[in-house]
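Student: just coords:
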């Protein structure tokens with residue numbers, strides 16, 4: 001299940017760390033967020049290294065649909081009601097600035113990465129009034145949105161919200177270019193972080209600033225990010241002979257598709273589910289059936305899945321890791337919009353380290369408090385964690401003899417039929433059939 005991004009780009013390997021070093025800043029994770037953070041810090045004169053347990057872009061960056069947009073589903077009407085018009089406006093403006101920052105870097109570095117400026121559409125086959133209200137909310141906070149009755153897309157719809165000047169690209173072509181002059185150590189697994197020292201299986205890094213850009217923070221205390229978000233998986237498939245689209249599309253109805261073009265293909269996404277809750281599989285079936293119905297003659301070329309951190313208040317957590325660790329920074333909780341939020345994270349963390357005022361710092365601060373917004377998500381996640389931790393006390397074993405208990409915090413693991421992996425419903429760690437670690441926050445594989 002290799003994505004088309006991974007199958008069309010090869011990034012040259014980097015050496016592992018070979019000795020103890022001291023630097024101004026160290027970034028843990030060489031995905032889009034980590035690489036962009038290192039790039040912007042270096043651009044501002046901060047000596048930075050990146051540590052990666054596997055390869056550059058080998059995590060979630062290689063599985064994205066690679067939309068760069070401020071249109072994040074039906075969010076702005078709800079956001080205005082929950083946190084107010086001013087904060088909702090800051091959220092939208094922040095992601096609009098992230099689009100412009102991608103343009104700046106691509107132009108400056110002359111990067112060929114299939115970058116295209118296109119409109120982004122929300123569509124629905126039944127929720128006309130909801131679309132209209134979303135368009136009005138987005139317009140009210142200054143976003144380039146408008147409601148239309150029709151768009152040039154064969155998927156049935158009775159209306160759309162069109163956002164102008166959004167973008168899409170090839171994420172690994174971009175990350176290959178932007179990482180070329182950065183100091184990156186691959187195959188260097190971080191074991192622990194204490195104070196200003198990062199301990200790896202290859203050596204130690206002492207740094208004035210430590211940035212956790214590993215998708216899901218693997219350090220539980222302080223920060224407590226494991227009780228502030230859960231992880232979800234979603235499916236993507238690439239089809240040829242399906243024509244092209246003049247924009248990016250995101251359906252708001254149950255089971256509807258997310259769509260974008262790439263060269264002669266259409267990428268269709270959907271089938272979202274909480275990690276650890278796909279024992280029977282079949283999540284790709286809805287995508288395939290709809291593509292067959294709406295794009296006759298389409299032929300599937302590849303399919304894969306992505307994983308996303310879902311914070312309870314739907315806002316990324318970017319900035320100081322904890323009040324008790326002033327030199328630690330975190331970038332997580334991107335809520336299915338990882339490409340735009342990766343750039344936003346890099347911009348905010350750069351400014352915090354360089355002492356530059358950033359108007360979005362407080363909104364996305366991990367120390368923010370939105371108790372009434374987050375209460376429902378927190379209660380739901382707590383119930384899942386209590387149930388699965390209890391089941392993890394006496395877990396069964398796999399046919400390979402591995403104990404089906406997550407080494408992160410001890411939750412019971414469940415089989416994922418679509419991906420043939422053992423997944424944790426509490427915090428999203430995943431393991432292969434052989435017990436080897438696939439996704440964090442766990443740091444080790446399964447034991448017998």
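Tutor: Yep, that arrived. In this text the structure is predicted, and so the values were computed from the model without any measurement.

Student: use CA for all of it now, contacts and neighbours both
Tutor: OK.

Student: Low-confidence regions, the protein specifically.
Tutor: When residues are selected by pLDDT under 70, those of the chain lie in 372, 374.

Student: What segments of it are helices?
Tutor: 4-8, 32-43, 76-83, 85-109, 128-140, 171-178, 285-294, 338-354, 361-364, 371-391 (DSSP state H).

Student: Of all these, which one is nearest residue 23?
Tutor: helix 32-43 (11.8 Å; CA to CA).

Student: hang on, the earlier thing: make TSV out of the helices of the chain and add mean neighbour count.
Tutor: Output for those, formatted as TSV (neighbours: other CA atoms under 10 Å):
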stretch	mean neighbour count
helix 4-8	15
helix 32-43	25
helix 76-83	18
helix 85-109	17
helix 128-140	19
helix 171-178	21
helix 285-294	16
helix 338-354	24
helix 361-364	18
helix 371-391	15
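
Student: Please identify which of the ones you listed is closest to residue 303.
Tutor: With distances scored as CA to CA, the stretch of those nearest to residue 303 is helix 4-8 (8.5 Å).

Student: from the chain's centre, how far out does the closest one sit?
Tutor: When C-alpha coordinates are averaged (CA atoms, centre = their mean, to the nearest Å), helix 4-8 and its chain have centres 18 Å apart.

Student: For it, which helices and strands make contact with it?
Tutor: helix 171-178 (3 or more CA pairs under 8 Å, 6 or more residues apart in numbering; DSSP states H and E).

Student: let's go with 7 Å and repeat that
Tutor: Here helix 4-8 touches no other helix or strand, going by 3 or more CA pairs under 7 Å, 6 or more residues apart in numbering; DSSP states H and E.

Student: And for it, what's in contact with it?
Tutor: Helix 4-8 has contacts (CA atoms under 7 Å, 6 or more residues apart in numbering) with 62, 170, 172, 302.

Student: can we see that at 10 Å?
Tutor: 57-58, 61-66, 170-173, 237-238, 262, 265, 267, 301-304 (CA atoms under 10 Å, 6 or more residues apart in numbering).

Student: sorry, back to before: need the helices of the chain in CSV with distance to residue 412, can you?
Tutor: Formatted as CSV, these follow (distance: least, CA to CA, whole Å):
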stretch, distance to residue 412
helix 4-8, 31
helix 32-43, 30
helix 76-83, 34
helix 85-109, 36
helix 128-140, 39
helix 171-178, 34
helix 285-294, 27
helix 338-354, 28
helix 361-364, 32
helix 371-391, 5
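
Student: returning to what we had before: which among the contacts of helix 4-8 end up buried?
Tutor: 57-58, 61-66, 170-173, 237-238, 262, 265, 267, 302-304 (16 or more other CA atoms under 10 Å).

Student: mind checking which of the helices of the chain is nearest residue 426?
Tutor: Short answer: helix 371-391, nearest of the helices of the chain by CA to CA, at 5.1 Å.

Student: all strands in the stretch 301-448 of the chain, in order from the N-terminus.
Tutor: Ranges of strands within the stretch 301-448 of the chain are 317-322, 325-332, 414-416, 421-423, 430-432, 437-439, based on DSSP state E, counting those that start in this stretch.

Student: Run the angle between the first one and strand 325-332 for me.
Tutor: On the basis of axes from the mean of the first three to the mean of the last three CA atoms, to 10 degrees, strand 317-322 is oriented at 150 degrees to strand 325-332.

Student: give me the number of residues near residue 194?
Tutor: 9 (other CA atoms under 10 Å).

Student: for it, what are its contacts?
Tutor: 206, 325.

Student: Look up the residues forming beta bridges with it.
Tutor: Residue 194 has the following beta-bridge partners by DSSP bridges: residue 197.

Student: Spatially central residue for this structure, please.
Tutor: The residue lying closest to the centre of the chain (CA atoms, centre = their mean) is residue 338, at 3.5 Å.

Student: In this structure that one contacts residue 64, no?
Tutor: Yes: counting by CA atoms under 10 Å, residue 64 is a contact partner of residue 338 at 7.8 Å.

Student: Excluding chain neighbours, what is closest to residue 193?
Tutor: residue 199 (6.0 Å; CA to CA, 6 or more residues apart in numbering).

Student: I should have written residue 14 there, sorry.
Tutor: Leaving aside its chain neighbours, residue 14 sits nearest to residue 186 (5.6 Å; criterion: CA to CA, 6+ apart).

Student: mind checking the backbone torsions on that neighbour?
Tutor: With angles defined as degrees, to the nearest 10, residue 186 sits at phi -90, psi 170.

Student: list the contacts for it?
Tutor: 13-17, 29-30, 50-56.

Student: Among those, pick out the one closest to residue 217, please.
Tutor: residue 29 (10.3 Å).
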